[in-house]
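# Make a model of this:
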Amino acid sequence: MTEEEILNKCKERFAAHKATLIQDTDRYMIIDWRKADGSIDYYVNYILDKKRGSLIISGDLGDCIATWYNPVKPNELRCEINSTRNHDVKLMLALRCIELMTGEEGFERRNLNE
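Next up is the predicted model:
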C-alpha cells in the first residue's frame, strides 16, 4: 500500500469523526474520538498521563502504549514524541497508528524509513 493510499483510506474511515474532551486534570487528559453520530466504528480513545509521561491509544481496532518517564504537557507532546532521544517511541507510535487506522497489521518498519 502506498503512502497516498494509506492517507486516503484514513481520510475515508475517519471523515465523520469528532473529538470530545472527556477529562483534563492536573494528572490526566482523556480525549474520545468517534463518529459524530456516536457510533464506535473506528473509535479511538487517547489517555495522556501528564505526570508520568505516557500516552495510551486504544480503540476498537487495537491499542498501543508509549512511555517516556518524565512529565509532559499536552502542548509539549508532539515535541516529546519527535525528539531524537525518543526515536523508538516515535516509530512505535507511528507504526501502531498506521495499523489502527488502516487495518494493515504488521506494517513494516522499513516503509516508514523510506
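# rest of the way, CA atoms for contacts and neighbours
OK.
# Ranking helices and strands of the protein by mean pLDDT, which lands last?
helix 109-113 (a mean of 39; mean pLDDT, DSSP states H and E).
# Quick check: phi and psi on residue 11?
phi -60, psi -40 (degrees, to the nearest 10).
# Give me the pLDDT for it.
pLDDT recorded at residue 11 is 80.
# and what of residue 38?
86.
# Any idea how many residues pack against it?
11 (other Cα atoms under 10 Å).
# So it, which state does it fall into?
Three-state assignment for residue 38 (DSSP: H, G, I helix; E, B strand; the rest coil): coil.
# Residue 61 and residue 1: what is the separation?
Between residue 61 and residue 1 the computed distance is 19 Å (Cα to Cα, to the nearest Å).
# So for the two, which sits in the more crowded spot?
residue 61 (15 against 9).
# isn't the more buried one right next to residue 13, touching?
No: judged on Cα atoms under 8 Å, residue 61 makes no contact with residue 13 at a distance of 11.9 Å.
# in this protein, which spans are helices?
In the chain, the segments counted as helices under DSSP state H are 3-14, 77-82, 87-102, 109-113.
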